[in-house]
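In: prediction below, plus the sequence it came from.
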Amino acid sequence: MARRASSSLHPGILIGLIAAIAAAIFAGNSFIGKKPAAFENVAVLDVRELLENGNSLRGNDYVIHGEIDEKLQWTGDRGQVVSVRVDTPGGPEFVGIRIPVELAKLNLETRQKYSFKVNFQDGGIAVATGVNRL
């Protein structure tokens, strides 16, 4: 009498298939839902320090997280100035940031949250050196 062929999958193929599916799920979870760290190696600005004496911050780099409240000025050769609403424990505060021409090509929109890496120049003027949308 002739032998019938087995119709079940080989256990090695089944284990390999389960391992591939698990690896795909793990890889997908690691990419989805995570935003890149924005300027993680730079100190976050304490707005109270800026309000007390902004000139003392000159030459230093900080990160400002906030929402663009208003675009105050824009020129094609000098960039633009924006007002950023920063939430603080004492309530919202507004910080003016100059966006240089190199970064002015970014499409910054009001009422959107951004992370700004800024360098303070003479007079306590914050000049953006990097911008990330949150």
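Out: Happy to help now that I have it.

In: so where's the protein uncertain?
Out: Low-confidence segments of the chain, defined by pLDDT under 70, are located at 1-9, 28-38.

In: and the helices in it?
Out: Assigned by DSSP state H, the helices in the chain fall at 11-31, 47-53, 101-104.

In: please enumerate the strands of the protein.
Out: In the chain, the strands defined using DSSP state E lie at 61-75, 79-88, 91-99, 113-121, 125-133.

In: quick one, the third one and strand 79-88 angle?
Out: Which is strand 91-99. Strand 91-99 and strand 79-88 are oriented at 160 degrees to each other (axes from the mean of the first three to the mean of the last three Cα atoms, to 10 degrees).

In: strand 91-99 vs strand 125-133, what angle?
Out: Between strand 91-99 and strand 125-133, the angle comes out at 100 degrees (the same axes, to 10 degrees).

In: returning to that earlier point: for the strands of the chain, give me CSV that also has mean neighbour count and distance to residue 50.
Out: Just so you know, the C-beta spots here come from the backbone N, C-alpha and C atoms, and that holds for glycine as well. Putting those into CSV (neighbours: other Cβ atoms under 10 Å; distance: least, Cβ to Cβ, whole Å) gives the following:
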stretch, mean neighbour count, distance to residue 50
strand 61-75, 16, 9
strand 79-88, 18, 9
strand 91-99, 16, 7
strand 113-121, 19, 8
strand 125-133, 17, 8
